[in-house]
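In: Fold the following.
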Amino acid sequence: MMTVDMDNNLIEIKGELIYCSKSDTAMYHSGIKFIGTDEQVNKFVTQIIKVYNYRKNNLLIDPSHN
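Out: Next comes the predicted model:
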């Protein structure tokens, strides 16, 4: 898996798909087991959460596109 942090650094970690199921709304729910040292996994997950929160809080929505 790869993600880009807020400084545009590429962060990569290996993972294994543990489960995957389709919901009633045709979306998929997946569980991933990250493979690496605790430090690598913690850094990767922390960066994903930081980027997610940043994008969620800074998403500009144009009110004219309802």
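In: Distance from the chain centre to stretch 46-64, please.
Out: Mean-position distance between stretch 46-64 and its chain equals 12 Å (CA atoms, centre = their mean, to the nearest Å).
In: Give me the contact list for that stretch.
Out: 3-6, 11 (CB atoms under 8 Å, 6 or more residues apart in numbering). Any C-beta I mention is one placed from the backbone N, CA and C, and that applies to glycine too.
In: Ranking helices and strands of the chain by mean pLDDT, which lands last?
Out: strand 2-4 (a mean of 78; mean pLDDT, DSSP states H and E).
In: Report the buried residues of it.
Out: Residues of strand 2-4 classed as buried by neighbour count (16 or more other CB atoms under 10 Å): Thr3.
In: That one pairs with which strands, and in what direction?
Out: The strands beside strand 2-4 in its sheet (DSSP bridges) come out as strand 10-12 (antiparallel).
In: So what's the gap between the strand it pairs with and the chain middle?
Out: Counting by CA atoms, centre = their mean, strand 10-12 comes out at 12 Å from the chain centroid.
In: same thing with stretch 35-52?
Out: With CA atoms, centre = their mean as the basis, stretch 35-52 stands 10 Å off its chain's centre.
In: Around Ile13, how many other residues sit close by?
Out: Using other CB atoms under 10 Å, Ile13 has 19 neighbouring residues.
In: and Leu17, what are its bridge partners?
Out: Beta-bridge partners of Leu17, counted by DSSP bridges, are Ile32.
In: any idea how far the spatially most central residue of the chain is from Ile32?
Out: By CA atoms, centre = their mean, the mean C-alpha position of the chain lies nearest to Ile48, the distance being 4.9 Å. For Ile48, the distance to Ile32 equals 11 Å [CB to CB, to the nearest Å].
In: ok, now Asn53?
Out: For Asn53, the distance to Ile32 equals 19 Å [CB to CB].
In: That concludes my questions; thank you for your assistance.
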